[in-house]
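J.: have a look at this prediction, sequence included:
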Amino acid sequence: MAMATATTSREPRDADIYDEAVRGTCDDASLCKRYAVSIGYWKDPYIEYFVRQPKERKAPEISRGYYARVQGVSQLLMAFLKKTECNCQIINLGAGMDTLFWKLKDENMLPKKYFEVDFPSIATRKIHNIKSKPPLSKPIMESHSGESLLIDAHSLDSSRYAIIAADLRELPKLEEHLKKCGMDPHLPTLLIAECVLIYMTPEHSACLLRWASSTFLAAMFINYEQVNMADRFGQIMIENLQSRQCNLVGVEDCRSLETQRERFLVSGWETAKAIDMMEVYSCLPPGDVKRIEALEFLDEKELLEQLMQHYCLCWATKDSCRLGLVDIDL
Ligand SMILES: C[S@@+](CC[C@H](N)C(=O)[O-])C[C@H]1O[C@@H](n2cnc3c(N)ncnc32)[C@H](O)[C@@H]1O
């Protein structure tokens, strides 16, 4: 009896520690992005407002990896926005401190509505940053029309942008929040998950993918995350994160490009394509790649290749409205 009590009382604590470590990964992403932006890999005037930590040097292979990720996702996203003429919605799952909304606003490419979802503590932090920094709040006000904008410590809902505090493993609550903020299942929908699904069990992420494919009439899902994790290099990546309490509970789906594709096809998506980041890198505009390759001397070419072979972009479509989403490619 005593043993049973000890086990049950320990379990939630382990889960909490794990979730806290997962939430911490969003700071890693914004720190790396801010460093790459400061060197000139790409432009993002907003990322600095979301990073609390002092500037920290990152290895060139890390910055090039982030460059490929940001550009690769952006190319697919822009193709979706053009195909739908921005008559669509975007749902950024596990958005962390992502700045895409502000960049799209600057480029006059905002969808009808842009939603972000993350754990409550991350959503609260993001809202606090927005409220206290005019360069972040002004674009939201400018894009807002109609009734008064709803903003409190835990949620933000304007006519073009919403932050939703929710756990992606709790789908009924997630759907309720999204609907409350005006999610429209009839609008073409782009879902984005960058380094998020691997932190959920395969069962939880499968439910999320199935929910998305069955909710929207026309949709595309962009997933960026680890791949080829069964080899030695993958094992080292897993161990590195484990040492920070971060178990990659979804690693099973990241075994190969095939498992990444398959998880979408068995969850109701009609098409799915997955390519590793080496291939993504080779699809990027050669002039810009030449420019960024001149920014910093790269000693460890082999390490960069290994890193890029262990991340991938996967995109899946479902297109009951025949918008031609299947033609979207890098
Ligand atoms: C590595 S960060 C990536 C952040 C952002 N997508 C980017 O690329 O900068 C992973 C994010 O997913 C969020 N996340 C992971 N599991 C989640 C869950 N079950 N519910 C809500 N958010 C989750 C974390 O809080 C974190 O902000």
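T.: Nice, thanks for sending it over. Numbers count the residues shown, from 1 in each chain.

J.: now the strands for the stretch 151-300 of the chain?
T.: 156-157, 161-165, 189-194, 218-226, 271-276 (DSSP state E, counting those that start in this stretch).

J.: phi first, then psi, for residue 155.
T.: Backbone geometry at residue 155, expressed as degrees, to the nearest 10, gives phi -150, psi 150.

J.: what is the neighbour count of it?
T.: 19 (other CB atoms under 10 Å). The C-beta positions use only the backbone N, C-alpha and C, and glycine is treated the same way.

J.: isn't it up against residue 161?
T.: No - Residue 155 is beyond contact range of residue 161, at 11.7 Å (criterion: CB atoms under 8 Å).

J.: nearest the geometric middle of this protein, what residue?
T.: When CA atoms, centre = their mean is applied to the chain, the residue found nearest the centroid is residue 194 (2.7 Å).

J.: how close does that one get to the ligand?
T.: In this structure, residue 194 and the ligand are 3 Å apart, going by CB to the nearest ligand atom, to the nearest Å.

J.: now residue 19
T.: To the ligand, residue 19 is 7 Å away according to CB to the nearest ligand atom.

J.: got it, and residue 14?
T.: From residue 14 over to the ligand (counting by CB to the nearest ligand atom), the distance is 15 Å.

J.: per-residue pLDDT, that residue?
T.: Residue 14 is assigned 75 on the pLDDT scale.

J.: next, count neighbours for it.
T.: Using other CB under 10 Å, residue 14 has 11 other residues around it.

J.: which helix or strand contains it?
T.: helix 2-39 (DSSP states H and E).

J.: helix or strand right after that helix?
T.: Next along from helix 2-39, by DSSP H and E: helix 60-83.

J.: next SSE downstream of that following helix?
T.: Sequence order places strand 89-93 as the next helix or strand after helix 60-83, per DSSP H and E.

J.: list the helices and strands that following strand packs on?
T.: strand 113-118, strand 189-194 (3 or more CB pairs under 8 Å, 6 or more residues apart in numbering; DSSP states H and E).

J.: cutoff 10 Å now
T.: Judged by 3 or more CB pairs under 10 Å, 6 or more residues apart in numbering; DSSP states H and E, the packing partners of strand 89-93 are helix 60-83, helix 100-106, strand 113-118, strand 161-165, helix 171-180, strand 189-194, helix 202-215, strand 218-226.

J.: ok, back up a step: tell me who's in contact with the residue nearest to the residue nearest to the centre of the chain when sequence neighbours are not counted.
T.: Spatial nearest neighbour of residue 194, excluding adjacent residues (CB to CB, 6 or more residues apart in numbering): residue 224 at 4.5 Å. When contacts are counted by CB atoms under 10 Å, 6 or more residues apart in numbering, residue 224 touches 68-70, 72-73, 76, 192-197, 277, 280, 311-315.

J.: relative to residue 139, how far out is the residue nearest to the centre of the chain?
T.: 21 Å (CB to CB, to the nearest Å).

J.: now the common contact residues for residue 155 and residue 161.
T.: In contact with both residue 155 and residue 161: residue 181, using CB under 10 Å, 6+ apart.

J.: what's the offset of stretch 95-102 from the middle of its chain?
T.: Its chain's C-alpha centre and that of stretch 95-102 lie 9 Å apart, by CA atoms, centre = their mean, to the nearest Å.

J.: give me the buried entries from the contacts of residue 224.
T.: Buried subset of the contacts of residue 224 (neighbour count, 16 or more other CB atoms under 10 Å): 68-70, 72-73, 76, 192-197, 277, 280, 311-315.
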